[in-house]
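Student: with the sequence up front, the predicted model follows.
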Amino acid sequence: MTPGPLSYFLIAAFGLGAVVAGWLVFRTDSMLRAAYWLMVSFVGVGAMLIVLDAQFLGLILILMMSGEMTIMAIFMIMFMMNPAGLNPMTMVHQHRTSILAGVGSFLVLAWVGVVAEFPNRPAPVEDPTVALGEELLGRSMLIFESAGVALLAVMIGAIALAAKQGRFGDAFAGSVEPELDVEVGDRT
Amino acid sequence: MIDLLLVIAAAIFGIGVYGALSQQSFVMIMMGLELMLNSAVLVTVVFWWGTTGGNPSGQLLVIVILAVMAIEAAIGFALVTAVYRSRKADIAEKLKKLRN
């Protein structure tokens, strides 16, 4: 399908929203708000998928990430200090290296995206969700089922990892908070 | 249009790289990884939409990436719980040794 001006506008708007929300994930003082900014970024990408005629994938991305970010927010409240962002907080290390790595990877990938020549074979207007359903339950059913089996294995593994009573006894037995031997310069 | 989409995906990926490398908190590191996978989802759909002529295998690859995202989150949260129970550690600086 040839994109019209409205598609360009929507892609640019949702894309800008997803990028800004992604940036705010690491700029807010509240870890809880960080989880919800990440959800906003996912919603922006999901909306872009819908504009790109992948309606089913866009909607399951939004639904899945809404659930996952809610779980992430609960983890924030359970484990992390300052979940509400009442105090200013910067918890970073190797900051300059990270900025260089992030900017460098953006520049390289964006340069590849702009310079490289890609085939121009746009998807037809026919319903892509029907095609995906036939693919999932036909030719590629084994891949689809493998993903389900992998998720089942992960559920069992996650329960085994997070269980209070571990293989070698109570998980709390002998747990000691380690010392923080961090130099002051490392935390900026 | 593909150029614009790939630049947006590159920006999201770059922010994810920054977050995964710079954050101390385990859950914030996971957020960086999630952003990188978010970018991977976008790029895969862009190439399916613009270069494959609507081949449904491209959409199938997105389903696989979504499964990887769920696996990463589930194992990540389980590891955070296990590490907190055994070491009372919630930031990367507290885990300098693999054993005790």
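Tutor: That came in fine, so what should we check first? Residues are numbered from 1 along each chain as shown, chains lettered A, B, ... in the order given.

Student: starting at the chain centroid, how far to the lengthiest helix in chain A?
Tutor: Secondary structure of chain A per DSSP state H: the longest helix is helix A:55-79. Helix A:55-79 sits 9 Å away from the centroid of its parent chain (Cα atoms, centre = their mean, to the nearest Å).

Student: tell me the first helix or strand C-terminal of it.
Tutor: Following helix A:55-79 in sequence order, the next helix or strand is helix A:95-115 (DSSP states H and E).

Student: circling back: what average pLDDT does the longest helix of chain A get?
Tutor: For helix A:55-79, the mean pLDDT works out to 87.

Student: close to chain B, is it?
Tutor: Yes: judged by Cβ under 8 Å from any Cβ of the partner chain, helix A:55-79 comes into contact with chain B at A:56, A:57, A:60, A:61, A:64, A:68, A:71, A:72, A:75, A:76, A:79. Where you see a C-beta, it was placed from the backbone N, CA and C, and this is true even at glycine.

Student: which of those are buried? Put it as a ChimeraX command.
Tutor: A single ChimeraX command selects the buried members of those (16 or more other Cβ atoms under 10 Å in any protein chain shown):
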select /A:56,57,60,61,64,68,72,75,76,79
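
Student: want to throw the residues of helix A:55-79 next to chain B into a markdown table with distance to residue B:9?
Tutor: Below are the residues of helix A:55-79 next to chain B laid out as a markdown table (distance: Cβ to Cβ, whole Å):
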| residue | distance to residue B:9 |
| --- | --- |
| A:56 | 20 |
| A:57 | 15 |
| A:60 | 19 |
| A:61 | 14 |
| A:64 | 19 |
| A:68 | 20 |
| A:71 | 25 |
| A:72 | 22 |
| A:75 | 27 |
| A:76 | 27 |
| A:79 | 31 |
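
Student: domain assignment for chain A?
Tutor: Here the domain parsing of chain A from automatic domain parsing is A:1-87, A:128-173.

Student: and the shortest one with chain B, contact?
Tutor: Same thing as domain A:128-173. Yes: Domain A:128-173 is in contact with chain B by Cβ under 8 Å from any Cβ, via A:128, A:131-132, A:134-136, A:140, A:143-144, A:147, A:150-151, A:154-155, A:157-159, A:161-162, A:164, A:171-172.

Student: which among the residues you listed count as buried?
Tutor: Buried by 16+ other Cβ under 10 Å: A:128, A:131-132, A:135-136, A:140, A:143-144, A:147, A:154, A:158, A:161-162, A:171, out of these.

Student: before we move on, back to that, out of the residues of helix A:55-79 next to chain B, who's nearest residue A:47?
Tutor: For these, the closest approach to residue A:47 (Cβ to Cβ) belongs to residue A:61, at 9.5 Å.

Student: what's the closest non-adjacent residue to that closest one?
Tutor: Distance criterion Cβ to Cβ, 6 or more residues apart in numbering or on different chains; nearest residue to residue A:61, sequence neighbours excluded, is residue A:46 at 4.3 Å.
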